[in-house]
Structures are given as C-alpha cells and as structure tokens.
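Colleague: what follows is a protein structure lacking sequence information:
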C-alpha cells in the first residue's frame, strides 16, 4: 500500500531516496529551504545542483513550506546533516499534529552529548506523535542510487514490525533492504565508518597504496566494534551492511565525501580548506570529535580515531601521525 512520505532535505541522498520511494509508487514530497532547488525539482524535474543529468519522477514534488510538507505525512524521512538535525526536529515537532514514523538516513553522532540520532529524536519529538524510529544504513552512495544501480542496505527500528514495513516500502529490483534488531549497532557503524574514511583519504593523499588501505579498514573495524560493544551494540551487526559493508565502500570510493576530504588533507590542505572545497557536508569531522570524546570517557583504545582527531583538530602532520601509529607498542592482533 502506498505511503505518504515527506523527505526532509533535498540534497543528494534525500533526492535519491525520494526517487526510490517514487519508483515504488509512494506519494513523496521533498522539503528543503533552498528555493532554487525546490523550483528546479518542480519545474524541470531535476536537482541540477547534485545530479545535472538525471530526470526525476514527474510525480515528485518539492516545497519550502514545512506545514505543507507535513500535511497528511505518514512517514518523515530525515536526510539532513546531523549538525542541524536537532534544530530541524524542534521545528518539525512544533508543526506536527498527528503521529508519524521517522526514518533517519543521516549518519553521525552529536559532539558533547554523544547522542545517536534515535536518541535526539526521542528527546525532541513529542512521544504522542512518534509511532516509531527507523535507521536506514549501509553501503549506498547517492550517485549510484540515483542511477538505479544495484544497492543493498539494512534497517533497524524501535518497533520491530516497523522495520518490516520499511523493508517492504523501499525494496525493489535495484534497491534491496535487509533488517536487523540492533538499532545501536546500525547507528554506531554507520557513523564511525566516516572517521575511518577520513583516514583512508589521508593515506591516499599521502600516496600510499593498497596494503595500508586494507590494514586501515581491518583495524578500523576493530575500533568500531570496541566502541559498539561498550554502548550495547551486537558484535555481529558490524560484520553486516551497516558495519563492514558501509566501511568498505566509504574507504575505497571516490564518491565518498569523507574520503575526498581526507584525501585533500593528505595532499596538503588544512581542514577548513578541505571542507570549503566540498559541496556536501563531511559528517566524519563532527563524528570524529564525538567518537574521540566517547573513547576518552569510556577509556576505549581507538588509536586510528585518536590519530585522525590529532591530524584534523590539532594539526598534527599526517606523516608524523602515521609514523606514530606504526611504531606504537607491539601487541597481539586479538586481545
């Protein structure tokens, strides 16, 4: 049965997911504050800022009016940077007058509070209006999804049968959705992999090859598992699509904005120069800060995360940072 879905955020990922939902015969509205993007979608059926050559479904409508966007919505799909998600949710909560399910497609952890998006939603949305929260995550670059390239992701929900519902709503011949019962693990894996992707970009920018890339992904996954275990995630989740799967694609693809930012830093740019050169938000930067804070507070050993933090926030020379990582105290691989 078709659903009324409001996608909040007409960036690359929000637009790509909106198209998936339209392809599956749902009624979809895109909400964004950028009038130029909204007009382009409504008048030309394009989002030229992100996908110059892609014709969007004729039935996909966009608006800058949140009241209009939320009217009759059964599901709200969040696709905005996590740095603004709390403020966006406050505004949505003021406008809601009926219960909805909220799906989050963004990946990040809030510095300072160390909250995952599900926890921020629980704090900012009146529980009377929240049917359930669902996290959608996995190896899925918007640049490929918009071309209807084969993609596989996973979802986890606060209410088990809602994950089944979302699975059916998104699944089609090019976009396959699994479900897991570990919301914490899905959110942690999808967030911290962006920090490891920054590191992958840095070593590529320095000119290193496949050997360190493979080692980085492997040891990065170990660090993600350590933090995940400390906050209640299931270890098996990190071997799945929202863990290893997302980590691989983010650390190896030039589509990855976090990899791109890391590459620029490894090539000699400072953090601000790298961020300013990007058209999309680099989630790994804020998540690196949050993850570093969590590791310190929980006394978890995360040397890769700590090193990325020192490089991007304290301007440690990347070559010195790598030398320090490689000459750390020798240890068994598994302990």
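Modeller: Yep, it's here. If you're wondering where the values come from, they're calculated on a predicted model, not measured in any experiment.

Colleague: burial check on the closest residue in space to residue 79 that isn't next to it in sequence, number of neighbours?
Modeller: Nearest non-adjacent residue to residue 79, counting by CB to CB, 6 or more residues apart in numbering: residue 14, 3.3 Å away. Glycine gets a C-beta too; all of them are placed from N, C-alpha and C. Residue 14 has 24 neighbours, counted by other CB atoms under 10 Å.

Colleague: I figured residue 199 hits residue 309, correct?
Modeller: No - applying CB atoms under 8 Å as the test, residue 199 and residue 309 come out as separate, 10.4 Å apart.

Colleague: looking at these two, which one has more neighbours?
Modeller: Each of residue 199 and residue 309 has its neighbours counted (other CB under 10 Å); residue 199 has more, 33 against 23.

Colleague: now that one. Nearest residue, chain neighbours left out?
Modeller: Leaving aside its sequence neighbours, residue 199 sits nearest to residue 308 (CB to CB, 6+ apart; 5.1 Å).

Colleague: pull out the buried positions in whichever helix or strand the one you found is part of.
Modeller: Element membership for residue 308 (DSSP states H and E) is helix 303-314. Buried residues in helix 303-314, counted by 16 or more other CB atoms under 10 Å: 304, 305, 306, 307, 308, 309, 310, 311, 312.

Colleague: now swap in stretch 81-93 and tell me
Modeller: Buried residues in stretch 81-93 (16+ other CB under 10 Å): 81, 82, 85, 86, 88, 89, 92.

Colleague: now the first one: closest residue in space, sequence neighbours ignored.
Modeller: When the adjacent residues along the chain are set aside, residue 81 lies closest to residue 281, with 4.1 Å between them (CB to CB, 6+ apart).

Colleague: state the pLDDT value of the one you found.
Modeller: You'll see residue 281 listed with a pLDDT of 81.

Colleague: would you agree it falls within a helix?
Modeller: No - assessed with DSSP: H, G, I helix; E, B strand; the rest coil, residue 281 is coil; it does not lie in a helix.

Colleague: can you get me a residue count around it?
Modeller: 20.

Colleague: cool, residue 42 as well?
Modeller: Neighbour number of residue 42 under other CB under 10 Å is 13.
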